[in-house]
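Visitor: structure for this input, please:
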Amino acid sequence: MGKFFSLVAGLLMVVVPMSHAAEIELDDPYEMVRQVADKTFKRIEHDQSQIAADKEHLKVIVEEELLPYIDYKYASYRVLASYIQKARSIEDPEEKKQAIENIKRFMDVFKNYLVTTYAGVFTQYTNQSVVFDNAKEIGDANMVIVKTTIKDPGKPDIDIGFKVRKDNDNNWRAYDMIAEGISLLDAKQSELHGILRQEGIEHVIDLLDKKSKLPVQFRGEGVNE
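Guide: This next block holds a predicted model:
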């Protein structure tokens, strides 16, 4: 299951607005997913020579085109749910201040960790096609699952649901993905929960910080597995 998520997780990164946000319909989650997926894959295809010369260029693509529009803060809060709940009940001012600082540090390293993780996942892109589900009536909903199917010749189709949410500016932003009925964000939360409980948040921050600084590796080379 872990390798399956690694294979499809990078596609989460193609459902968030790129830097040319004016060209993307941010008020329509379905159209936003469709438009940005197309633009992002074209960017990767266009930059193949640069990626071949320097794999770190994938980090540049993620940072410049995708990261500014990923709701990584909301995703961080979801991963740290139990820690944040405990932090809210802290009465000692200094202890509470430290807990808040830890949460801010976690968000920073989690953001950098996402850059490195998804840059590595993007090394698997080999011109797969993505079929989008028809738009649904969303009414007043502020969270929507956009269903897609990834088609790769000679391989089984992969059905994925992208979770997007409306921010305070009424723009839709990606924060999670569902594959085989399992939330990627929930899986990451479960992975870190035990470490957080046993080793503490400082250890989790250091762990993610080290992983975020790893060089981009093509899948199969072992570093980002």
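Visitor: now the helices: where do they sit in the protein?
Guide: Assigned by DSSP state H, the helices in the chain fall at 2-9, 29-46, 48-53, 57-61, 72-79, 81-88, 93-121, 184-199, 201-212.
Visitor: give me the buried positions along stretch 69-80.
Guide: Of all the residues in stretch 69-80, those buried under the rule 16 or more other CB atoms under 10 Å are 69, 70, 71, 72, 74, 75, 76, 77, 78, 79, 80. Every residue, glycine included, has its C-beta placed from N, CA and C.
Visitor: could I get the average pLDDT for it?
Guide: The average pLDDT within stretch 69-80 is 87.
Visitor: stretch 153-173 too?
Guide: On average, stretch 153-173 scores 86.
Visitor: for that stretch, what is the distance to the chain centroid?
Guide: 10 Å (CA atoms, centre = their mean, to the nearest Å).
Visitor: cool, and stretch 182-195?
Guide: For stretch 182-195, the distance to the chain centre is 13 Å (CA atoms, centre = their mean).
Visitor: quick check: mean pLDDT of that stretch?
Guide: 86.
Visitor: buried sites along it?
Guide: Buried, per 16+ other CB under 10 Å, within stretch 182-195: 183, 184, 185, 187, 188, 189, 192, 193.
Visitor: ok, now which ones touch the nearest residue to residue 81 once chain neighbours are set aside?
Guide: Leaving aside its chain neighbours, residue 81 sits nearest to residue 189 (7.0 Å; criterion: CB to CB, 6 or more residues apart in numbering). Residue 189 is in contact with 78, 79, 81, counting by CB atoms under 8 Å, 6 or more residues apart in numbering.
Visitor: who's in contact with the second one?
Guide: Put plainly, it is residue 79. Contacts of residue 79 by CB under 8 Å, 6+ apart are 110, 185, 188, 189, 192.
Visitor: quick revisit: look up how far residue 200 lies from the residue nearest to residue 81.
Guide: 16 Å (CB to CB, to the nearest Å).
Visitor: and what of residue 24?
Guide: Counting by CB to CB - residue 24 and residue 200 are separated by 40 Å.
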